[in-house]
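Asker: Sequence plus the predicted model coming up.
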Amino acid sequence: MPRIIVYAPRLSRERKVASVAALIRAFEESTGLGANLLTIHIEADSYDNTGVGGQLLTDTCPEISEREKQFLNIGA
């Protein structure tokens, strides 16, 4: 069974739906196979759990830090 694993920042449900649809189209077009058995797994994680160059993304990029705060407020 084909599987696609996506490692991404936290996404809204709407963006996940759009991403899954786009990945299915790309899979079908590129392989010629039907996507009826294709599994897509989205691994979404907090920017606060990702480090680059020895620092958390939320510490190095103010815009990412703000986006993380907005996401946390939505989930509250």
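Answerer: Received the coordinates, thanks.
Asker: can you pull the contacts of the spatially closest residue to T39 that is not a sequence neighbour?
Answerer: Of all residues not flanking T39 in the chain, R3 sits nearest, at 4.6 Å (CB to CB, 6 or more residues apart in numbering). From N, CA and C alone the C-beta is placed, and that goes for glycine too. By CB atoms under 8 Å, 6 or more residues apart in numbering, the contact list for R3 reads L38, T39, I40, H41.
Asker: Look at L23 and say how many residues are nearby.
Answerer: As a burial measure, L23 scores 16 neighbours (other CB atoms under 10 Å).
Asker: Now for it: which residues touch it?
Answerer: L23 neighbours (CB under 8 Å, 6+ apart): I4, V6, I40.
Asker: Equivalent analysis for I42, please.
Answerer: Contacts of I42 by CB under 8 Å, 6+ apart are V6, A8, L11, K16, S19, V20.
Asker: go again using 7 Å as the cut-off
Answerer: I42 sits next to V6, A8, K16 when contact means CB atoms under 7 Å, 6 or more residues apart in numbering.
Asker: From L23, how far out is it?
Answerer: Counting by CB to CB, to the nearest Å, the gap from I42 to L23 is 10 Å.
Asker: Remind me which helix or strand the most centrally placed residue in the chain belongs to.
Answerer: The residue lying closest to the centre of the chain (CA atoms, centre = their mean) is A8, at 2.9 Å. Here A8 sits within strand 3-9, counting by DSSP states H and E.
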